[in-house]
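*Asks:* The following block contains a protein sequence and its predicted model.
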Amino acid sequence: QVQLVESGGGLVQPGGSLRLSCTASGIIFSIYSMGWYRRAPGKQRELVATITSGGSTNYADSAKGRFTISRDNAMRTVYLQMLSLKPEDTAVYYCNINYRATVGGRIFPSWGQGTQVTVSS
């Protein structure tokens, strides 16, 4: 079993910043990639940013220049630093990892419960 614990969401004014964290625990041999997705009210879940074990990153166009994803492999933790937040960033943010439970085993996805980010004045 793998658990993802997210933190850092909340209410912030436009132009403000937040830092999300997500820590993975459980039966994990290795984590290939970690990332953040979000679902805004009335919309489908969408990619925000991902990062591989080697540090390669990928960002949605809406996140480029404002958000930074990073990870601490030893702590099995991924972060999302969000700057210059806009009302359209309001969403539930979900942490995702793709991991192996055993050497050479399949890669499985796991999702967190989500943390609410609200950008409003």
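*Replies:* Done, it's in. Residues are numbered from 1 along each chain as shown.
*Asks:* can you give me the strands in this structure?
*Replies:* According to DSSP state E, the chain carries its strands in the segments 2-7, 10-12, 18-26, 30-39, 46-52, 57-59, 67-72, 77-82, 91-100, 107-111, 115-119.
*Asks:* Sheet partners, orientation included, of the third one?
*Replies:* Strand 18-26 has the following strand partners under DSSP bridges: strand 2-7 (antiparallel), strand 77-82 (antiparallel).
*Asks:* circling back: make a markdown table from the strands of the chain and add mean neighbour count to it.
*Replies:* Placement of C-beta: from N, CA and C, glycine included. Listed next are the strands of the chain as a markdown table, based on neighbours: other Cβ atoms under 10 Å:
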| stretch | mean neighbour count |
| --- | --- |
| strand 2-7 | 16 |
| strand 10-12 | 14 |
| strand 18-26 | 18 |
| strand 30-39 | 20 |
| strand 46-52 | 19 |
| strand 57-59 | 15 |
| strand 67-72 | 18 |
| strand 77-82 | 22 |
| strand 91-100 | 21 |
| strand 107-111 | 14 |
| strand 115-119 | 18 |
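*Asks:* Just send these back as CSV, with mean pLDDT too.
*Replies:* CSV is the format used below for the strands of the chain (pLDDT from 0 to 100):
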stretch, mean pLDDT
strand 2-7, 95
strand 10-12, 98
strand 18-26, 97
strand 30-39, 96
strand 46-52, 97
strand 57-59, 98
strand 67-72, 97
strand 77-82, 98
strand 91-100, 97
strand 107-111, 95
strand 115-119, 98
